[in-house]
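Novice: Okay, structure incoming, though there's no sequence with it:
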């Protein structure tokens, strides 16, 4: 393990030791909270924008109340187009920042501002700026899983659903790429496009735990199953995939593939929407560390798990968890995000 990887793991471990996950709730308390939240959403002209990796209770509530469950690109687009004056972003902090940057006239609340991302943590603003300054000849492309400040330093922001297309476009123009922060997704994009890419060495603590050996062993048990993998996973895992893609692309693949059994290597929160898409298929979570695993993620993001019904209601009723982004940062980040949205429209 490199010194950079050791440092990131230390920082992540410190975060995980400090955070508190929402307490388990009885069925009656869940029903009470859902009813209260529905009333408060109407009272505050608010809508829930939830990520696929959040608790199924949150995802179901978003759908029931006219919100959306989506990947980060669709979350950003939905929030900017919805008439609600308040957005409740159930996800991690960079998603709330993106919503605020794209809709500065709206109030953006999150159930907790402690919900972050190892990719964001592992790409500090000043260190990244120094890295960019060392390579001024490269076009800076950053993954959406970064802070507003890092997005402000970038030329382009991409999500996993359009990363290959954007980099392929830039490569066709003869541009060399500086990519951050996920090294595995960056390697996947470089392999798909053949582009000249210099990679920041970040990783997702959830997807990094998937093991090729574990998937091979599981495939031996389910020989007819297709393997669906998010490209934030290590290359050896991606190499085993029948389909590699973003959360929305994996759900689409689940619909389109003929196989009735699907081994899924991404956060297990995706099963809520994937099972809706393919109710007659068997979904099998890919193993992470195998028997005796000691990972802190185990196919479930600990920060996504911090979004609960109780703190969502608190945010609505008290205005806690409000996202703010200073105007200079927002102005610069809006430029790189705008390129992403315009590219996607085209």
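Specialist: That came through fine. Because the structure is predicted, anything quoted here is derived from the model rather than measured. Numbering: from 1, shown residues only.

Novice: longest helix of the chain?
Specialist: helix 327-345 (DSSP state H).

Novice: Can you list the buried residues in that helix?
Specialist: 329, 330, 332, 333, 334, 336, 337, 339, 340, 341, 344 (16 or more other C-beta atoms under 10 Å). Glycine gets a C-beta too; all of them are placed from N, C-alpha and C.

Novice: just the helices in the stretch 201-346 of the chain please.
Specialist: For the stretch 201-346 of the chain, applying DSSP state H, counting those that start in this stretch gives helices covering 212-221, 235-238, 247-256, 271-277, 309-318, 327-345.

Novice: for the third one, what is the average pLDDT?
Specialist: If I follow you right, that is helix 247-256. Mean pLDDT, helix 247-256: 97.

Novice: That helix packs against which elements?
Specialist: strand 226-229, strand 243-244, helix 271-277 (3 or more C-beta pairs under 8 Å, 6 or more residues apart in numbering; DSSP states H and E).

Novice: And for the fourth one?
Specialist: Here helix 271-277 is seen to pack against helix 56-64, helix 247-256, strand 261-265, strand 282-285 when contacts are counted using 3+ C-beta pairs under 8 Å, 6+ apart.

Novice: Reformat those as JSON lines; add distance to residue 315.
Specialist: JSON lines is the format used below for the helices and strands packed on helix 271-277 (distance: least, C-beta to C-beta, whole Å):
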{"stretch": "helix 56-64", "distance to residue 315": "12"}
{"stretch": "helix 247-256", "distance to residue 315": "24"}
{"stretch": "strand 261-265", "distance to residue 315": "30"}
{"stretch": "strand 282-285", "distance to residue 315": "30"}
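
Novice: Nearest to residue 220 among the ones you listed would be which one?
Specialist: For residue 220, the closest of those is strand 261-265, at 11.2 Å, according to C-beta to C-beta.

Novice: Spatially nearest residue to residue 68 (excluding sequence neighbours)?
Specialist: Closest residue in space to residue 68, ignoring its immediate chain neighbours: residue 78 at 4.5 Å, by C-beta to C-beta, 6 or more residues apart in numbering.

Novice: residue contacts, that neighbour?
Specialist: 49, 67, 68, 70 (C-beta atoms under 8 Å, 6 or more residues apart in numbering).

Novice: Which two among these are spaced furthest apart?
Specialist: Applying C-beta to C-beta across the contacts of residue 78, the maximum distance is between 67 and 70, 9.5 Å.

Novice: Please say which of these two ends up with more neighbours.
Specialist: Set side by side, residue 67 and residue 70 show more neighbours around residue 67, with 25 against 22, by other C-beta atoms under 10 Å.

Novice: Against residue 151, how distant is the more buried one?
Specialist: Relative to residue 151, residue 67 is positioned 24 Å away (C-beta to C-beta, to the nearest Å).

Novice: repeat for residue 159
Specialist: From residue 159 to residue 151 the distance is 12 Å (C-beta to C-beta).

Novice: the more surrounded of the two?
Specialist: residue 151 (28 against 22).

Novice: is it true that residue 314 touches residue 307?
Specialist: No - look at residue 314 against residue 307 with C-beta atoms under 8 Å: they stay out of range, at 11.8 Å.

Novice: can you list residues touching both of those two?
Specialist: residue 111.

Novice: Looking at these two, which is more packed in?
Specialist: Under the criterion of other C-beta under 10 Å, the comparison of residue 314 against residue 307 puts residue 307 first, with 27 against 16.

Novice: which residue sits closest to residue 239 in space, ignoring its chain neighbours?
Specialist: Nearest non-adjacent residue to residue 239 (C-beta to C-beta, 6+ apart): residue 212, at 7.3 Å.

Novice: Can you report how many residues lie near that neighbour?
Specialist: Counted with other C-beta under 10 Å, residue 212 comes out at 16.

Novice: just checking, what packs against the longest helix of the chain?
Specialist: Helix 327-345 packs on helix 72-81, helix 93-102, helix 148-153, strand 156-158, helix 163-172, going by 3+ C-beta pairs under 8 Å, 6+ apart.

Novice: Tell me the buried residues in the last one?
Specialist: Going by neighbour count (16+ other C-beta under 10 Å), the buried part of helix 163-172 is 163, 164, 165, 166, 167, 169, 170, 171.

Novice: The second one touches residue 191, doesn't it?
Specialist: No - using C-beta under 8 Å, residue 164 and residue 191 do not qualify as a contacting pair, with a distance of 9.6 Å.

Novice: Sketch out the low-pLDDT regions of the chain for me.
Specialist: 1-23, 289-298 (pLDDT under 70).

Novice: how does it divide into domains?
Specialist: 3-118+303-324, 119-204+328-345, 207-285 (automatic domain parsing).

Novice: Residue 329 contacts residue 147, doesn't it?
Specialist: No - at 9.0 Å, residue 329 does not count as touching residue 147 under the criterion of C-beta under 8 Å.

Novice: what touches both of those two?
Specialist: Common neighbours of residue 329 and residue 147 (C-beta under 8 Å, 6+ apart) do not exist.

Novice: contacting residues for the residue nearest to residue 239?
Specialist: By C-beta under 8 Å, 6+ apart, the neighbours of residue 212 are 234, 236, 237, 239, 240.
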